[in-house]
Every structure is written in structure tokens, then in C-alpha cells.
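K.L.:
Here is my input, please return the structure:
(chains A and B)
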Amino acid sequence: MPFAEAARIALASLRANKLRSFLTVLGILIGVSSVIAVVAITEGLDRYIARQVLELGSNSFSVQKMPDIITSHEQWREMNKRKDITLDDLRAVRAGCDACSEVGAALFARRTVKYGRTKQESVQIMGVTENWSRLGSVRELTAGRHLIQDDEDRARPVAVIGADLVDAFFNTAEPLGKTVNVDGYEIRVVGVAVRKGKIFGESQDNFIWIPLDTFRKLVGGRRSITITAQAASMEQMEAAQDQARVIMRVRRHLGFGEADDFNIETGESVMEFWQSATRGIYVVTILVTAISLVIGGVVVMNIMLVSVTERIREIGVRKALGARRRDILRQFLVESVVLSLFGGALGVLGAAALAFLLALVLGGIMSTEFTAPVEPWAVALALIVSSLVGLVAGVYPARRAASLDPVEALRQE
Amino acid sequence: MLARRRSTLSAMWEAIGMGLAAIRAYKLRAGLTILGVVMGIMTVTGMSSIVAGLNQSMATQIQNLGSAVVFVRPWGPGENLTNEERRRRRGLSENEIKAILEHCPSVRELSPMEVLVYDTIKTGNARVQAASLLGTTEAFATVHDTYVEKGRFLTTMDVNRGTRVAVIGHDVAESLYGPRDPIDKEMMIDGLRFTVIGVLERRGKFLGMNRDNDILVPLGSTGKRNPFFNFMVADLKPVSPDRMDEAADEVRSVLRRQRKLKFLQPDNFMIFTQDTLTNLYNQITGGIYMVMIAISSIGLVVGGVGVMNIMLVSVTERTREIGVRKALGATRRDILAQFLTEAMTLTGVGGVLGIVIGGGVAMLVNAFSPFPAVMQPTWVAIAFLVAVFTGLTFGLWPAAKAARLDPIEALRYE
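P.N.:
Numbering: from 1, shown residues only, chains lettered A, B, ... in the order given. Presented below is the predicted three-dimensional model:
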């Protein structure tokens, strides 16, 4: 019996018992779609984090006093003992790193910013070098100009502000040329940056950029700066990091065996931390949902057994007319595989819908755009796994059918 | 009435008996159907016992902080410090503590604690790294229900004189003195010589923080006055546990008056109790736990679909039987009850097996993983009820289909 014929018979028998087939398919469908949806959601979360983290730009890195991720108070205390990174370090890296295309630096603080009587609390005040907006991913302006070298050299009291400040202070009025008040200092707004939205409920537009030296005058200079550098190209990323590391080590007089007393961070270290923290949860969740797929397989097996029992006479007739064991085996295996493959295919559709809905809900909770992509490999895997489930679940019933004695089978009432 | 009830009861037993007979008649089929439910219930039971275990260990940890304690802190638990007003908050001052002791009749005892920042604590070459150094008074012991295992605790005299003595936690004793008896030994705290007078009994961990790492010294004995890093907090105990709220209110009004807060100004301190911690924990983890249990119950739904499918087959196969029953006077309700009971028997058996296996899984998890898994009777009962309920929901349609059959048609069915 050729394969096509087996498939045709299988489809016919599935059509004959529509309700039963539907319920069996439903079991597989629920299993497959929950597995794919869970995979899609975890993938979506990973991507979301990656997008936010790699904001820094894929070929930029930063040299800082403390690592991005500190896991204990003790570690913080150790790290806090390190030397501050200074403007001299910045100059040295700038001079010595020829694999870097841009080297800049920033200082951070949080203050209340006032305009007239309106206050905006917890604004991130960033003292930056003039090239800051070009480091990593470029941040465009909606109005006005960027900070320029001259602002930096003369420590002018000028600022580029984020969209939240515009909302709070100026609404629809013209922000350019107005002066806002930071810690009692008047600062003139010269530019407005493009809106970016929120990450984990934390606004990315609640900031004000001022020239580095202006910051040092206003907030104080005894702070460790963060040097951010951009490699000239993706290939030179490693080289640029090495150069920066060597320069810093030489400046700190570190011996051969000594560890760095500063940290070089790319987005990847944060990414790795995130992944190691969540991998366990992902695996458990996926395993738990996979159990439902196994249960779906059990349902398929059960129904195939019923089907074999019901069609004993049919099998007897077939055998009497010359069907071999292999033919019967193939017939029932194909039926079971078609059944679960169908469930798998519908499951992919169900998963797409489920993932879309869950992404909407999650996006609503985190108040950001969030997509849970149903990956092609997940779809392929689902189809393969569901047909495997069908195959495994079908083996026993099919063998049972195939091993029937035709005489016995025909006599069966 | 009584007779009627007996008849329903006996009918139910009869139906269960018939259900079991049906299971026996189709061993393999019933076995596979039950297997689906077993796996579903197993996952749910396993997951819920892990959740219950985590909850329980958290509850005991919160309990161990001392019974009926009111915490007075600059910030509440889980408050983030992005807000500027919150970051500017200060600890309590000595005057404020005096005022609380003076003006709050419901406060029985108050233990001020000054969190001290230090560079090194050592004796000889042995150092402690992660110890938390607290300046406190003799009330610490009674407020926190923590007592010394060896030696003595701080006394009023120690606190009044600022004596350089220290009561240390178990882990500190171990890292500084090893197996030697630490009592009357000396340790250097940032260059000041302190004498160990007592070792605290073991207190375990709280939120991953080791609480056997404390070093308690009399308030003011280190002479450190750094308002940025060292701030004072207080824990207090009400006169009786049912006057907790009163005590908290009194402290609040005293502190507001001390800090000269106006009518509409919000508190610039935080007073909370263990309930606050419990609520916060539930709030954080509740959602995650719900999701985990929801995900683990997907399998049960698939199992339920399997039950429905098999019940439908079973109804079709037994059409003649149904016809005969109806012809002999069985009402619709009888047939409905029969098939519903059969489905519920199936899932009930599956539920019991699932609970047993799930319990085994929970024990394995408990033994071989860091998660504390506990089987709670309520969860076991819920799991069993859910299993039976699954049978009810997914058996309803097949049973209704059986009950609706026309006896004449059914008898004619080949």
C-alpha cells in the first residue's frame, strides 16, 4: 500500500469520527500552542532586554569604576574602595586608543529641576562630553542643537533636555532659549531630544544633558566618570577594549598578576547576567508545559486503541484480502501521525494568537511595546515534535492492529 | 425525605460501583485515560507544594524576626529610592527616641539600633567580612526575642558608660575564633579594642541575609558619628500583642510632632509590622505563583479533554445498554448520574494517584533541590476536588448526550 493511500484512508477515517478526532486534535493543540507560546514569551522577554541593554550600541563599551551588576553589599564596599576614574584617564584613553572612533565620558546625578514654579523630581542630570549623543546608538533631537565642543570648553550653562521635561515645563510652548533651574543654577535649553518611552516603567526621557565641566561646577567634580568609547568597527571591538584596558592598567601601575581595578562593560555582561538568572525559570516553565504535550500523546494513543478495537472487522477484511502486517501498521501509524500533526499545525496558529494576546497584556503591564515572536524554528520544532508524539503514541495501537489474526478479527462481532 | 435521600445515596454507590466495573472492563483504555489525569494532577500538586513550601519558609522567617514587633525605619520595605524626598530621609535622632519612650504608653520596650559602617573588624589575622555592626541597648534582646547562648548580653550599665564590649553572632564567633571559646577574647573594630561578652543563639537567615553575622555593641561605644552612613532605626514591642496598632499610632504622632510635620505633609518615616512584610511578599510573589500554577494546570485540561473523548466513545459503545436501561425505567437523571459518576470516578482515581506521585515529586524536590516543598492538606484537598471537578466538567457533555438518547433508537442501534 503506497503512502498516499494510507494517508487517504487515515483522513477518511478521521472525517468519519469528526467529534472524536476534533477532541484528540484539541488535546495536542492545547499542548503545542502552550509550549510555543511560552517559548515565544521567553524569547520576547529576552529580546526586550537585549534591545534595552544593547541601547549602548553594539560596538561601544564603557570603562567604569564599578561593574554594572553588583550582587552584594560586600562587593559594593570592595568596589567602592577603587580609585575614581578621572578626566586624565579620559584624555589618556582618547590619545592612546586608535581602534576607537569616539571616546566620551559622562557623570550622573539625580536632582530636582525647576522651571518657574513647576518642579520635576528625580531628573537624571548627565554631564557629558560633546560627542555623547553620537556614542552607541545615536540620539536625535526634535528641536534645537546638540552640545558642541565650545560649550564643553567654556563650561557653558546650556542643556539638551528630554521629552518629559518639555511635557512638565513647557507643554506646547517653545522650550528653546528658556532657562531651567538645577540646584539654584540657571541653565539655558538649547535642544530637545527625541522621545524614547519607558523601560520597566522607568522613563527614558527624564534627563538633562549639560557639558561635563558645567556638571562639575554645579554638582561637584569629585566623582568617578564613566568613559564610553566606540570602536571604529565591529571587528575592532576587541582590539579597542584591549587598548583601553592596557592604557588603564598602565596608568594604575598594575602588575602582571593583578586584577583590573576598574570594569570594562559592554551590554553583553548585563545580558549574560539576565540570561543566567532567568534560564532556570525558562527551562522549568517549558518542561512543565511540555508535560501537557505528553498528556496529549496519551490521549492520542487511547483514541487510536479505541479506533483499532472498533475497526477489527475492517482489519480482518483487509488482511483477508491480502494486506500485510506492514500495511496495517503503516495505516494506523499514518492515521495517528496525521491526527497529531494536524493538532500541531493548529497549535501553531493557536500559539500565534496566544502569544499575541499575552504580549499585549505584558506590554500593558510594563507599559512598553512588547512583541513575542513565534520563531520559525519553534514552529518547525512543534510540527516535528507533534508528529513524533503521534508516531510514538501510535506505535502500540498500530502494532496491536497489525498483529491481529485475520480469522479471529473477521469472527469478531 | 429520609427514604429519598437513602435512595439517592445508594444510587450513587451503585453508580460508583458501575463506574469501577467499567474501568475494570476496559483496563487499558481506562488506564490511559487515568494516566492523563494523573500526570496533570501530579504537575499541579508538585508545583503547588513548591509554592506552599516557599510561602511557608517565608512565613517562618518573618515569624523569627520576633513576635509582635513594630519597625520604625526611614523607608518602608520595597520602597525604591529614586524619589528624592525618600533619599533625603534621615534615621531617628536620640531626642526622638527619648520622646517615643516618654510619650507612648503602649510601647513596652524599644530597641534603638545604629547601623554602623566600619572598615575592618579583626583579631590577630582573622577578619570578618560581611558582619553587620549594630550599636544598640539592652532592650535588643527582649524586643527581638534573641538571647545569648554563652556569656551575657549588654546591660544598662554597658550602654550608659559606652563600655567597649560586644555580643557577637554565631558566624562571627566562628570566623574570628574558630573552635576557641570567644568569651573575654578581644577584637579590634576600626582600631578600637572590644571585649566579647556573649555569643547569640543561632537565628538563621532572613531574605538571604545571614542574621548570625551581627555584632552588637553598646549604643555610642564606637564614637562614630557619620550622619550619612550611620543612621539609627528602632524596633519596638507593644505592651501586649493586641495593642500593636495603638503603639504604631502613638509612635507616629510623636514622630510627626518631633519632626514638626504640618497637617497635610506626608510622613517622612515609615512604621510597619510583620504583616506589612507578609503582604509585600504575597504581593510580589502572588502573581508569579498564579502563573506557575496556571501553566501547570494546562496539562490537566488536556487530560480532561482525553476523559471527554473516552466518555464519548464509551457512550457510543454502550448505546444498547443505555437503551435497555431506559426501557426498564431509568430516568434521564439516572443515566446522566451514571455517566457523570463514571467520569468522576475515572478522574478521582487519577487524582489520588496524581497526588501520591506529586507528593513523591515534592519529596524529591525537597531532598535534591534548594526549594523547600511542602504538601499542605488544603492543597491536597484542592487537587483532589479539582480532579473530580475535571471529571464533572468534561463528563457533562458525554453524559448529557447519553441521557438524551431515545430508548427506541438506542435499542435499535447496532
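K.L.:
I'd like the average pLDDT over stretch B:160-176.
P.N.:
Mean pLDDT, stretch B:160-176: 89.
K.L.:
end-to-end on that stretch?
P.N.:
One end of stretch B:160-176 sits 27 Å from the other (Cα to Cα, to the nearest Å).
K.L.:
Report the buried residues of that stretch.
P.N.:
Within stretch B:160-176, the residues that count as buried by 16 or more other Cβ atoms under 10 Å in any protein chain shown are B:163-176. (C-beta placed from N, C-alpha, C; glycine too.)
K.L.:
Okay, and which of those residues map to strands?
P.N.:
Using DSSP state E, B:165-168 are the members of the buried residues of stretch B:160-176 that sit in strands.
K.L.:
Low-confidence stretches in chain B?
P.N.:
Counting by pLDDT under 70, chain B has low-confidence residues at B:1-9, B:11, B:66, B:78-84, B:206-209, B:224-230, B:414.
K.L.:
Now do the domain split for it, please.
P.N.:
Domain assignment for chain B by automatic domain parsing gives B:10-61+B:285-412, B:90-268.
K.L.:
that older thread, how about the buried residues of stretch B:160-176 in a markdown table, adding distance to B:Ser106?
P.N.:
Shown next, in a markdown table, are these (distance: Cβ to Cβ, whole Å):
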| residue | distance to B:Ser106 |
| --- | --- |
| B:Thr163 | 31 |
| B:Arg164 | 35 |
| B:Val165 | 32 |
| B:Ala166 | 32 |
| B:Val167 | 28 |
| B:Ile168 | 33 |
| B:Gly169 | 31 |
| B:His170 | 34 |
| B:Asp171 | 35 |
| B:Val172 | 35 |
| B:Ala173 | 36 |
| B:Glu174 | 40 |
| B:Ser175 | 40 |
| B:Leu176 | 40 |
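K.L.:
Looking at these, which is nearest B:Gly36?
P.N.:
Using Cβ to Cβ, B:Asp171 comes nearest to B:Gly36 of the buried residues of stretch B:160-176, at 49.8 Å.
K.L.:
Please tell me how far the closest one sits from A:Lys119.
P.N.:
Distance, B:Asp171 to A:Lys119, using Cβ to Cβ, to the nearest Å: 47 Å.
K.L.:
cool, and B:Thr345?
P.N.:
69 Å.
K.L.:
Mind checking which of the two has more residues around it?
P.N.:
The residue with more neighbours, out of B:Thr345 and A:Lys119, is B:Thr345; 24 against 14, by other Cβ atoms under 10 Å in any protein chain shown.
K.L.:
and B:Arg89, what does it touch?
P.N.:
Going by Cβ atoms under 8 Å, 6 or more residues apart in numbering or on different chains, B:Arg89 touches B:74-75, B:268-269.
K.L.:
For these, which single residue is the most surrounded?
P.N.:
Each of the contacts of B:Arg89 was scored by neighbour count (other Cβ under 10 Å); the top score is that of B:Phe269, with 22 neighbours.
K.L.:
which of the residues in stretch B:115-129 are buried?
P.N.:
Applying 16+ other Cβ under 10 Å to stretch B:115-129 flags B:116, B:118, B:121, B:123, B:128 as buried.
K.L.:
what residues go with each domain of chain A?
P.N.:
Split into domains by automatic domain parsing, chain A comes to A:3-53+A:271-411, A:83-261.
K.L.:
Next, the distance between the ends of the first one.
P.N.:
Counting by Cα to Cα, you get 29 Å between the two ends of domain A:3-53+A:271-411.
K.L.:
For the closest residue to B:Pro372 other than its chain neighbours, give its distance to B:Met290.
P.N.:
Take B:Pro372 and drop its neighbours on the chain: the residue closest to it by Cβ to Cβ, 6 or more residues apart in numbering or on different chains is B:Gly53, 3.9 Å away. As judged by Cβ to Cβ, B:Gly53 and B:Met290 stand 16 Å apart.
K.L.:
Would you agree B:Val38 is in contact with B:Ile355?
P.N.:
No - using Cβ atoms under 8 Å, B:Val38 makes no contact with B:Ile355, being 9.2 Å away.
K.L.:
higher neighbour count, these two?
P.N.:
B:Val38 (26 against 23).
K.L.:
Let's verify that one: helix, strand, or coil?
P.N.:
With DSSP: H, G, I helix; E, B strand; the rest coil as the basis, B:Val38 sits in helix.
K.L.:
Can you tell me the element whichever residue of the stretch 301-413 of chain A sits closest to chain B falls in?
P.N.:
Here the stretch 301-413 of chain A gets closest to chain B at one residue, A:Asn302, 4.1 Å apart by Cβ to the nearest Cβ. Assigned by DSSP states H and E, A:Asn302 falls within helix A:267-310.
K.L.:
For that helix, name the packing helices and strands.
P.N.:
Packing partners of helix A:267-310 (3 or more Cβ pairs under 8 Å, 6 or more residues apart in numbering or on different chains; DSSP states H and E): helix A:18-53, helix A:325-366, helix A:376-402, helix B:27-63, helix B:274-296, helix B:298-317.
K.L.:
Next, format those helices as a markdown table and append distance to A:Leu293.
P.N.:
Converted to a markdown table, these look like this (distance: least, Cβ to Cβ, whole Å):
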| stretch | distance to A:Leu293 |
| --- | --- |
| helix A:18-53 | 4 |
| helix A:325-366 | 9 |
| helix A:376-402 | 6 |
| helix B:27-63 | 11 |
| helix B:274-296 | 13 |
| helix B:298-317 | 8 |
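K.L.:
Could you see whether chain B lies near stretch A:393-409?
P.N.:
No - counting by Cβ under 8 Å from any Cβ of the partner chain, chain B has no neighbours in stretch A:393-409; the shortest distance is 9.4 Å.
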